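J.: Okay, sequence plus prediction incoming.
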Amino acid sequence: MPAFTWSQSIAAGATFDPLDNWQYRYAPYRALMELFHRATAAGIVVTVTTGSDTVQEESPVTAGGTAGQIPSRLNVEPVTDKVDAGDLLKVRYRNTTAGALTVDGQIAITGI
């Protein structure tokens, strides 16, 4: 089960795709993708796509986290989708505020 975690400060008006250089950016096999994320304050929005499917259109990321604390299923509802082998996994955050905010997240893909 490949997994990847991140904690990233995003400058005002900037974007961030944590999976840009991940080895499993293209799903290696048919799998269930689970994504957990949380921001330190309101103002971060996210778009999630897998292959040709938009799993989550630009939507607010849950706020209230502490920078550096990776969220888990105990405190954040996951974004989930079934992906096929070769699907491009893309998570794009955008900071809509006038100051830097941190987003913490984790993705896991489990073969099905």
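T.: Perfect, thanks for sending it.

J.: Tell me who's in contact with residue 15.
T.: 92, 93, 94, 95 (Cβ atoms under 8 Å, 6 or more residues apart in numbering). Bear in mind the C-beta positions are built from the backbone N, C-alpha and C, glycine included.

J.: count of neighbours near the third one?
T.: In other words, residue 94. Using other Cβ atoms under 10 Å, residue 94 has 16 neighbouring residues.

J.: For residue 60, see how far away it is.
T.: Residue 94 sits 11 Å away from residue 60, taking Cβ to Cβ, to the nearest Å as the criterion.

J.: what is in contact with these two at once?
T.: Among the neighbours of residue 94, those also in contact with residue 60 (Cβ under 8 Å, 6+ apart) are 44, 45, 46.

J.: Can you classify residue 6 as helix, strand or coil?
T.: Assigned state for residue 6: strand (three-state reduction, DSSP: H, G, I helix; E, B strand; the rest coil).

J.: Ignoring the adjacent residues along the chain, who's closest to it?
T.: Sequence neighbours aside, residue 18 is the residue nearest to residue 6 in space, at 4.2 Å (criterion: Cβ to Cβ, 6 or more residues apart in numbering).

J.: Next one: that neighbour from residue 10, what distance?
T.: 10 Å.

J.: circling back: pLDDT score for the residue nearest to residue 6?
T.: Per-residue pLDDT puts residue 18 at 98.

J.: tell me the secondary structure for it?
T.: coil.

J.: Give the buried residues for stretch 64-76.
T.: 65, 71, 76 (16 or more other Cβ atoms under 10 Å).

J.: do stretch 85-103 as well
T.: Of the residues in stretch 85-103, 87, 89, 90, 91, 92, 93, 94, 95, 101, 102, 103 count as buried by neighbour count, 16+ other Cβ under 10 Å.

J.: Quick one: end-to-end distance for it.
T.: Stretch 85-103 has its terminal residues 28 Å apart, counting by Cα to Cα, to the nearest Å.

J.: Relative to the whole chain's centre, how far out is it?
T.: Put simply, stretch 85-103 sits 6 Å off its chain's centre (Cα atoms, centre = their mean, to the nearest Å).
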